[in-house]
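S.K.: What shape does this take:
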Amino acid sequence: MLAAPGRGIPATRGPWPNPGGASRAAPPRLEVMDPLGKLSALLRTTTVGEQVILELDLDYSVLSAAPANPLEALRLINAPTMRVLRDGLAAAASDDAVLGLIVHIGTCPVTAAQAVELADLLAGFGEHKPVWAYTESFGEFRTGLLPYLLAAHTDKVWLQESGELGLGGVRAQITLLRGTLDKVGLEPQFGQRKEYKTAADTYAAHEISHANAEMMQQIANSITHWAVDLIAQRRGRTADQVWEAVDAGVLTPSEALERGLIDAVGYRDEVYAQARREWAGDSAGLRYVHRHHRASAAKELIRARLKPAVAVVEVRGGIVSGRPQRQPGGQPTATSEVVCQHLRAAASDEQVKAVVLRVDSPGGSYIASDAIRREVLRLRESGRPVVACMGDVAASGGYYVSMPADEIVAQPTTLTGSIGVLAGKFVTTELKEKIGLVMSDVTSGAWASFMSPNSRFTDEQWAALDRRLDGIYADFTGKAAADRGKPLDELEPLAHGRVWTGVDARERGLVDHLGGMGLAIERACALAEVLRDEVAVRPVSMLGFLRQFRPAESSESVGAVTLAPARLDLDGLIGAVAARLGLAATGVLSLPFGIRVDAGQGVLDALA
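M.R.: All right, here's what the predicted structure looks like:
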C-alpha cells in the first residue's frame, strides 16, 4: 500500500490492514434509538437485493472535506467525501453481501493527493474482495499518468477499445509575468529569502533563473520516478518496461494489453457482464460506495460523542489573520482565529485523545501562521499528540503550521517545504496614467506610504524591508530546526525557499511518513496509546447549518462564522483579478506562485 513504502503486494486477501496496530474487524453496530426512525428506514430501503456490487464513479470527483454550505452540498450531491469512502470501504470489506467493487476512472477530476489516497483505499479493499477499474481512455492526446496509477491499484484494468493509454509523464509549468506587467504599467517591487522563493521571480524576472528551473525539474522528476516505480510494482513489470511505455507516448488498447499494462479491452456493459459472471452476481444490485452501509446523521453524532475521539482540525486555503472575510475569487482561506479556536476547543475537550491537523495550504501570513503554531505546541503540552496530515500543498506557511506536530504525514505528490520569505508590492502609477486616472497619496507620518501602490520604495524603505525579511527567515529556519529536531546548519540548506515533493521531503527529514488520512489517524492513535477501533474520528466542529448562526460562548468554543464586508477600489480590483487568476499572495509565507504539475486528469495546482 502507498502508506507503507517498500511493502510488497499481499498475495492473499487477509484482514483489513491496520498500519501500526493489530488487524481491525468491521466496526460493531451500535444499537441506539433513532429519532428519525421512519425516515432512516426509508433511506435504507433499496431494491438492490441481498447481494450488491459496489461502484465508485470518479467522474463525480471526490471531496477532501464536507461541503461548507447547503448550496455547495446540493451542487456536489453525488460527490462523496474521502472520509465516507474510507469508512464505507472498511465496512464493506467484511460485509458478506458485497461481492466486489467496480471503479469508473473516467475523467477523474481529482487532485494528485486524492488520487494517491484513493489508490491506497482500493489496494486495501482489494485484499478482501475483487476490485476492477474501467475507463473510456487514460488521457485523450494528453498524459494520463495519475489516473492510470490509480487504476493500477485494482485487480483488473479494462480499457474501451477506442481509448488510449498515454502515460506521458509529468509536466511542470513555470510562469513569469514581468513582460506582461511591463506592458500594462504595473511595476513589481519584491524581495525574497532566498533563491528558490521564486514568487518574486514570477513578478520581477524577465528570464527563468537557474534555481527556478532546477527546483521545478526536480519536482517533475520526483513525481514521475515515484509513479513509474509504483506502477511497476503494482503491475508486476520492471521499471524499465514502464519507462518504455512512458517514452512510447500514446498506446492503443491492444498495445497496452500486449505490454501487460491493462488486462482486458471492452465497454462498460462488457465489464459489468463479466464481473457478474465471475463474481456470481447475476441477481446482485448496484450501489455507490458512499450510499452503502451509511448510518443516519443522528447515529453518527451519538456514536462520535460516546467514544473517545481523534479530532480533526482543518487548515485549508491561504493562511490569513483574523476572522473569515469575503475573499476575491471565492478561494477558501484558513483564518488564524478560527483554526486557533478549534485547536483550543480540542484541548478543552476531555474526550479528545489526539488531533490530526489536516493541512492543504500554500501558506500566507507569517503572523497568522505563528499564532497557529503556538496553539499546536500548547495542544501538545496538554498531553495530546498532534499529527499533521498534508494534502496537495502544505508549503511555506502550510509547512510552518505543520512542523511543530509530533509527526508529519505527507503524500508522495505533496508540495511542501518552501521555507522562505517574500514581500513587496505592485506600483500602479504607470497603469493609472495609461487609463487617465489620478490617484495621489496625502500622508502624515514618514512611513505612511511604505506599502502604497502609488509610490516606489525609497532606499530607506528597501533597507527596512530587507531587515524584516532577514528576521522572518531567521525565525522560520530556527523554529523549523527546533521543531524537527535538527541542527540549524543541517536544516537551513534545505530551506532557501525551495519546494520539495513529499518523497524528497521524507528523504530529507522534513516529513516523517508517506500516506494519507488513514495513516495519520493510525499514527495519532498509536501516539495516544489508544486502539483505532475504540475511538471516533470527528471534526472539532460538528455544527449543522442552523447551528452555525449560534454565537460562541468563549474563545475556546466553536462558534459562528462572520463574514466582514468586502471593500472594492481600484487597487482592490487589481487584487481581486490576481486572486481570480491564482496569482495573489496572502502573506510573506506564501508558496512560490505559478507552480503547476500536470500528470493527467489528476492535476496538482499550487498557485498561491
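S.K.: Thought Asp59 was touching Thr135, still the case?
M.R.: No: if you go by Cβ atoms under 8 Å, Thr135 and Asp59 don't touch, sitting 9.8 Å apart. Just so you know, the C-beta spots here come from the backbone N, C-alpha and C atoms, and that holds for glycine as well.
S.K.: Which neighbours do the two have in common?
M.R.: Residues touching both Thr135 and Asp59 comprise His104, Gly106, Cys108, with contact defined as Cβ atoms under 8 Å, 6 or more residues apart in numbering.
S.K.: For Thr135 and Asp59, indicate the residue with more neighbours.
M.R.: Legend: neighbour count by other Cβ atoms under 10 Å for Thr135 and Asp59, higher for Thr135 (29 against 14).
S.K.: What distance do you get for the closest residue to that one other than its chain neighbours to His153?
M.R.: Using Cβ to Cβ, 6 or more residues apart in numbering and skipping the chain neighbours, the partner closest in space to Thr135 is Ile105 (3.7 Å). From Ile105 across to His153, the span is 11 Å (Cβ to Cβ, to the nearest Å).
S.K.: picking that back up, so who does the residue nearest to Thr135 touch?
M.R.: Contact analysis of Ile105 by Cβ under 8 Å, 6+ apart lists Leu58, Ala133, Tyr134, Thr135, Phe138, Pro147, Leu150, Ala151.
S.K.: Those in helices, which ones?
M.R.: Pro147, Leu150, Ala151 (DSSP state H).
S.K.: Quick one, grab the pLDDT at Arg291.
M.R.: According to the prediction, Arg291 has pLDDT 85.
S.K.: Check Asp441 too.
M.R.: So, for Asp441, pLDDT stands at 85.
S.K.: Then Arg550?
M.R.: Reported pLDDT for Arg550: 60.
S.K.: now do the one 3 residues further on
M.R.: pLDDT, the model's per-residue confidence, is 64 for Glu553.
S.K.: now swap in Arg75 and tell me
M.R.: For Arg75, pLDDT reads 54.
S.K.: ranges for the helices of the stretch 251-400 of the chain?
M.R.: Applying DSSP state H, counting those that start in this stretch to the stretch 251-400 of the chain gives helices spanning 253-258, 268-279, 297-306, 336-347, 366-381, 397-402.
S.K.: which one of these lies closest to Glu117?
M.R.: Closest to Glu117 of the helices of the stretch 251-400 of the chain, according to Cβ to Cβ: helix 397-402, at 17.2 Å.
S.K.: what about the residue nearest to Thr135, distance to Val84?
M.R.: Using Cβ to Cβ, Ile105 is found at 19 Å from Val84.
S.K.: Over to Trp447?
M.R.: Using Cβ to Cβ, which is the criterion applied here, Trp447 is 52 Å from Val84.
S.K.: Neighbour count: the two, which is higher?
M.R.: Regarding Trp447 and Val84, a neighbour count based on other Cβ under 10 Å identifies Val84 as having more, with 18 against 10.
S.K.: For the spatially closest residue to Tyr272 that is not a sequence neighbour, which residues are in contact?
M.R.: Once flanking residues are discounted, Tyr272 sits nearest to Ile102: 6.9 Å by Cβ to Cβ, 6+ apart. Contacts for Ile102 (Cβ under 8 Å, 6+ apart) come out as Ile53, Leu54, Glu55, Leu56, Val131, Trp132, Ala133, Tyr134, Val271, Tyr272, Ala275.
S.K.: switch to 7 Å and redo it
M.R.: Ile53, Glu55, Trp132, Tyr134, Val271, Tyr272, Ala275 (Cβ atoms under 7 Å, 6 or more residues apart in numbering).
S.K.: where's it, which helix or strand?
M.R.: Assigned by DSSP states H and E, Ile102 belongs to strand 98-104.
S.K.: following that strand, which helix or strand comes up?
M.R.: Assigned by DSSP H and E, the successor of strand 98-104 is helix 112-125.
S.K.: elements contacting that following helix?
M.R.: Packing partners of helix 112-125 (3 or more Cβ pairs under 7 Å, 6 or more residues apart in numbering; DSSP states H and E): helix 82-92, helix 145-151, strand 386-395.
S.K.: got a markdown table for those, with mean pLDDT and distance to Met215 too?
M.R.: Output for those, formatted as a markdown table (pLDDT from 0 to 100; distance: least, Cβ to Cβ, whole Å):
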| stretch | mean pLDDT | distance to Met215 |
| --- | --- | --- |
| helix 82-92 | 90 | 29 |
| helix 145-151 | 94 | 20 |
| strand 386-395 | 96 | 12 |
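S.K.: Mind picking out the helix or strand in the chain with the poorest mean pLDDT?
M.R.: helix 37-44 (a mean of 42; mean pLDDT, DSSP states H and E).
S.K.: center of the protein - which residue?
M.R.: Gly391 (2.6 Å; Cα atoms, centre = their mean).
S.K.: Now that residue. Nearest residue, chain neighbours left out?
M.R.: Excluding its sequence neighbours, the residue lying closest to Gly391 (Cβ to Cβ, 6+ apart) is Asp360, at 3.3 Å.
S.K.: same question, Met451
M.R.: That would be Lys425: by Cβ to Cβ, 6+ apart, it lies 5.4 Å from Met451.
S.K.: Over to Ile208: give its phi and psi.
M.R.: phi -70, psi 130 (degrees, to the nearest 10).
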